[in-house]
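1. the following comprises the amino acid sequence and a computationally predicted model.
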Amino acid sequence: MINVLYCGNDKVFDGMLTGALSALMRTETAEPFVFHVFTMDASHIKPEYRPVGEKQMRFFGEAIKKYNPGNSCVLHDVGEYYAREFGGCPNESAYCSPYTLLRLLADLVPDMPDKILYLDADVMFNRDIRLLYDTDVSEYEYAAARDHYGKYLLRPDYINAGVLLFNLQKMKQTGILAASRGLLREKKLLFADQSALFRSTTRKKLLPQRFNDQKFLHKHTVVRHFSKRLFWLPYPHTENIKQWQTERVRKVFGYKEFDDVLDEYLRLKERFTQEVNDG
């Protein structure tokens, strides 16, 4: 069983779909995938903070079963846990959204697997997911790669929390997630959940950059993370291009490696939009 976790509101649907398709299309295995999705209604913070919808999950579930009938997805409404742990905390206005905090609730949600791969929605697989998922984390709380900029600006071992291979059993033993939530309740942190997790860590496994490449795509890259990055030409500026912005990915980055995945995504997205319009 390959267990994957996404977190977010209804806007993560495109990221979930492209990310899952890339993992399924790049991986040859008889093992079924289980995609867990943490969501909640946070419209009291911003009107657009709506939960992942049942129609989205039903369509997502049908799409992933094409690759293995045993594949499945589970939607978890974690609003109750969020309200108890983070409601009114200084980090509700996190650098992205309050949904970035949801991964830190994984130890509270019943029946979660001991080993699970958390992924940001702007992540795609260039190679077999098992190259990452089969990493031995039995003696660690989690495995993660260094943050591309943070390893220079903050600390050499500063991690990027967009790709986290959780040993949830160990995390419950050490209390790392509870400690992270405590920090977030106490004061505003620069990178919210990422900073809290890093500060609370007792033992992590550092992965090579190819498991969370936030700037480039190489042949050996396993995970391409489409996070905000710096461009020097035609003048120094940042761009935040996501993989579901297919034309920009092809034009700005010049990538052809994901063409099969993105073409399938566009076909599915058109079908989903038609189904929604038809009611």
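-> Thanks, I have it.
2. you'd agree residue 49 is in a helix?
-> No: secondary structure of residue 49, determined by DSSP: H, G, I helix; E, B strand; the rest coil: coil, with no helix assignment.
3. show me what contacts the residue lying closest to it once chain neighbours are set aside?
-> Nearest non-adjacent residue to residue 49, counting by Cβ to Cβ, 6 or more residues apart in numbering: residue 42, 3.7 Å away. Any C-beta I mention is one placed from the backbone N, CA and C, and that applies to glycine too. Residue 42 is in contact with 9, 49, 79, 82, 97, 98, 99, counting by Cβ atoms under 8 Å, 6 or more residues apart in numbering.
4. likewise for residue 204?
-> 140, 141, 142, 143, 144, 157, 159.
5. what about residue 173, distance to residue 38?
-> Separation of residue 173 from residue 38 (Cβ to Cβ, to the nearest Å) stands at 22 Å.
6. and those two? Which one has more around it.
-> residue 38 (28 against 11; other Cβ atoms under 10 Å).
7. tell me the pLDDT of the closest residue to residue 79 other than its chain neighbours.
-> Excluding its sequence neighbours, the residue lying closest to residue 79 (Cβ to Cβ, 6+ apart) is residue 40, at 3.6 Å. What the model reports as pLDDT for residue 40 is 97.
8. cool, residue 231 as well?
-> As predicted, residue 231 sits at a pLDDT of 65.
9. please renumber the chain so that the first residue is 567 from this point on.
-> New numbering, starting at 567: the last item is residue 797.
10. so what pairs up with the closest residue in space to residue 824 that isn't next to it in sequence in the strands?
-> Nearest residue to residue 824, sequence neighbours excluded (Cβ to Cβ, 6+ apart): residue 690, at 6.1 Å. Here residue 690 sits in beta bridges with residue 790, going by DSSP bridges.
11. picking that back up, in strands, which of the contacts of residue 770 fall?
-> Counting by DSSP state E, these place 708, 709, 710 in strands.
12. quick check: the second one touching residue 736?
-> Going back to what we said before, that points to residue 709. No: if you go by Cβ atoms under 8 Å, residue 709 and residue 736 don't touch, sitting 11.2 Å apart.
13. tell me which of those two has more neighbours.
-> More crowded of residue 709 and residue 736, by other Cβ under 10 Å: residue 709, with 22 against 19.
14. ok, now which ones touch the more buried one?
-> Per Cβ under 8 Å, 6+ apart, neighbours of residue 709: 701, 703, 730, 731, 770, 771, 772, 773.
15. same thing but 7 Å
-> Shown in contact with residue 709 (Cβ atoms under 7 Å, 6 or more residues apart in numbering): 701, 703, 731, 770, 771, 773.
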